[in-house]
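Asks: Starting from these lines, generate the structure:
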Amino acid sequence: MNQQAQDTYLRMQVSTAAPWELTAMLFNGCIKFMKQAQQGIRTKDFQSKNLYIQKSIDIIDELMSTLKMEYDLSKQLFALYDYMKQKLFQANIRLNESDLQECIDLMTDLKDTWIQSMKQHHAKSKVQVQS
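Replies: Below is the predicted model:
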């Protein structure tokens with residue numbers, strides 16, 4: 001698929017996604033960029049490593065900006081996101097794949113939990129509508 005077709009597909013996907021799906025897309029994008037940064041470390045492509053770590057941090061910043069801080073869960077997520085950003089900064093400076101892997105694992109767990117909770121929420125909503 002050429003780049004223009006990919007860009008069009010992605011724009012359509014984003015414009016038609018539900019808000020919870022957009023969050024899942026951010027998680028997926030962040031994981032993808034962190035894996036690409038890991039590859040940059042392995043291949044000694046430090047320019048791409050830096051680029052993909054910065055893209056990961058940008059996504060985490062976006063996730064942080066969407067939190068409603070009146071909730072305890074949001075405060076806990078904020079702290080976790082902040083921790084991941086610190087690990088990403090360290091990975092970038094120290095070329096440490098294990099810091100990146102820790103962030104990938106954390107973000108993957110968050111994504112999986114998010115998707116599972118949204119599926120349960122929507123299943124529960126459908127049952128309530130049918131009642």
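Asks: Show me how far stretch 44-53 is from its chain's centre.
Replies: Offset of stretch 44-53 from its chain centre (Cα atoms, centre = their mean, to the nearest Å): 18 Å.
Asks: what pLDDT, on average, does that stretch get?
Replies: In this model, stretch 44-53 has an average pLDDT of 97.
Asks: How about it, which residues are buried there?
Replies: K49, Y52, I53 (16 or more other Cβ atoms under 10 Å). All C-beta atoms are positioned from the backbone trio N, CA, C, and that covers glycine.
Asks: Just give the nearest non-adjacent residue to the residue nearest to the spatial centre of the chain, would you?
Replies: For the chain, F27 is the residue whose C-alpha lies nearest the centre (Cα atoms, centre = their mean; 2.3 Å). Nearest non-adjacent residue to F27, counting by Cβ to Cβ, 6 or more residues apart in numbering: K111, 3.6 Å away.
Asks: which ones are touching the one you found?
Replies: K111 is in contact with A24, F27, N28, I31, counting by Cβ atoms under 8 Å, 6 or more residues apart in numbering.
Asks: distance of it from R42?
Replies: Going from K111 to R42 by Cβ to Cβ, to the nearest Å gives 23 Å.
Asks: Same check on E62?
Replies: For E62, the distance to R42 - Cβ to Cβ - is 27 Å.
Asks: Looking at those two now, which is surrounded by more residues?
Replies: Set E62 next to R42 and count neighbours by other Cβ atoms under 10 Å: E62 wins out with 15 against 11.
Asks: Skipping adjacent residues, who's closest to the more buried one in space?
Replies: L26 (6.3 Å).
Asks: in whichever strand or helix holds the one you found, what's buried?
Replies: For L26, the element it lies in under DSSP states H and E is helix 19-42. By 16+ other Cβ under 10 Å, the buried positions in helix 19-42 come out as 23-27, 29-31, 33-34, 36-38, 40-41.
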